[in-house]
Each structure stands twice: as structure tokens, then as C-alpha cells.
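1. pasting the structure only:
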């Protein structure tokens, strides 16, 4: 059973998802966009917490 906040996928809207109870379908991130977002978060983490950058 999916968690209550798990985005919902609909076969009629491929590549898009919505929050449970939502009506607006948003475009999902591509694999490349997911990798860039993850890399930015990792870089920011290391800069802030390991390099003590404020």
C-alpha cells in the first residue's frame, strides 16, 4: 500500500504525477535532472557541514 504522500501516477498522463487528491499533473524530473539536483545537494552538504562554510 503506498504511503499517503506518495505522488500518484496515471497511465493517461505518462511522465507526470500528482499528489494524492491533487488535480494538477506536474512533469517528473528526467534522470539527468535528478542527478544534477542530487549533485547540487551533496555539494552544498559538503560545503556547509564538512568545510564549515556558512
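-> Structure's in. What do you need? As the structure is a computational prediction, the values presented were derived from the model and not from experiment.
2. Could you tell me which ranges of this protein sit under the pLDDT cut-off?
-> Within the chain, the set of residues satisfying pLDDT under 70 comprises 1-10, 19-22, 53-54.
3. Mind doing that once more with 90?
-> Counting by pLDDT under 90, the chain has low-confidence residues at 1-31, 33-34, 44-54.
4. Now do the strands for it: every range, in order, please.
-> With DSSP state E as the criterion, the chain has strands at 8-9, 16-18, 26-27.
5. what distance separates the last one from the middle of the whole chain?
-> Just to be clear, that refers to strand 26-27. For strand 26-27, the distance from its own C-alpha centre to the chain's C-alpha centre is 11 Å (C-alpha atoms, centre = their mean, to the nearest Å).
6. residues making contact with stretch 35-54?
-> For stretch 35-54, contacts defined as C-beta atoms under 8 Å, 6 or more residues apart in numbering pick out residue 29. From N, CA and C alone the C-beta is placed, and that goes for glycine too.
7. mind checking how far it is from the chain centre?
-> Taking C-alpha atoms, centre = their mean, the mean C-alpha location of stretch 35-54 is offset from the chain mean by 17 Å.
8. And that stretch, what's buried?
-> Within stretch 35-54, no residue counts as buried by 16 or more other C-beta atoms under 10 Å.
9. Turn the strands of the chain into TSV, columns for mean neighbour count and distance to residue 50.
-> Rendered in TSV, the data for those read as follows (neighbours: other C-beta atoms under 10 Å; distance: least, C-beta to C-beta, whole Å):
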stretch	mean neighbour count	distance to residue 50
strand 8-9	14	37
strand 16-18	15	34
strand 26-27	11	33
